[in-house]
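[1] prediction below, plus the sequence it came from.
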Amino acid sequence: MLLPPLLVANLGVPMLVLLWPAHVLAWLPFTVLQAELAHRELRLPRATALKISAVAKLVSAFIGVPLAWAGMLAVQFGVGAALSATGAASSGALAAATLPLRLAWLPPTANAWRVYLAFALLAVPCCLLALGTEFIIARRMLASCEPRALRGWIKRANLLSYLLLVLAAAVYPVVTGGRAW
């Protein structure tokens, strides 16, 4: 606030500032959804299913999402360095083709749809990391349960959760008239 307006730069949008709050807000409903699936599929008591789902989703939301984002940011830096080193950074077709690998930190943009697309595409690495971390947690908490059954439950619960999250990200701009925030 002490700097003159000319010195303030727009560094773009680190997508973690949108991903993380969305996952934290979705924690409770997705925990309940995952617990209900565990109750039905694994025949667990609801209290046990809720406890396991709560722990798994907490780790997934508070540790997994930032790790997935950091991994994608590292990929983005690598792709950017490779494009610059080869001189292909100015190629429009190559830049478009590598767009899914360069979404962790968006450059300054007035295009709200690019932000929504980045959010939706970043759901993939977040979901993949959630599958692994939640399986490890569930396996430790339910050592007597068959790993294949656990893996199937975690997979179905996360695919449904992430589908709902991406659907919400697609509906939000339609409802708000395409405003970014």
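    Good, I have the coordinates.
[2] what residues sit buried inside the helix or strand of the chain with the lowest mean pLDDT?
    Sorted by mean pLDDT, DSSP states H and E, the helices and strands of the chain end with helix 92-97, the least confident at a mean of 75. For helix 92-97, a neighbour-count test (16 or more other CB atoms under 10 Å) marks nothing as buried. All C-beta spots, glycine's among them, are computed from the backbone N, C-alpha and C.
[3] for Leu106, grab phi and psi.
    phi -80, psi 140 (degrees, to the nearest 10).
[4] show me what contacts it?
    Gly12, Val13, Met15, Arg114, Val115, Ala118 (CB atoms under 8 Å, 6 or more residues apart in numbering).
[5] pLDDT at the third one, what is it?
    It stands for Met15. Met15 is assigned a predicted lDDT (pLDDT) of 92.
[6] so it versus Pro125, what's the distance?
    According to CB to CB, to the nearest Å, Met15 stands 11 Å off from Pro125.
[7] okay, and the common contacts of those two?
    With CB under 8 Å, 6+ apart as the test, Met15 and Pro125 both reach Trp69.
[8] got a PyMOL select line for the buried ones in the contacts of Leu106?
    Buried members of the contacts of Leu106, identified by 16+ other CB under 10 Å, are gathered into one PyMOL selection as follows:
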select buried, resi 13+15+114+115+118
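[9] for the contacts of Leu106, give me CSV that also has distance to Thr48 and secondary structure.
    Listed next are these as CSV, based on distance: CB to CB, whole Å; DSSP: H, G, I helix; E, B strand; the rest coil:
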residue, distance to Thr48, secondary structure
Gly12, 44, coil
Val13, 40, strand
Met15, 35, coil
Arg114, 43, helix
Val115, 39, helix
Ala118, 37, helix
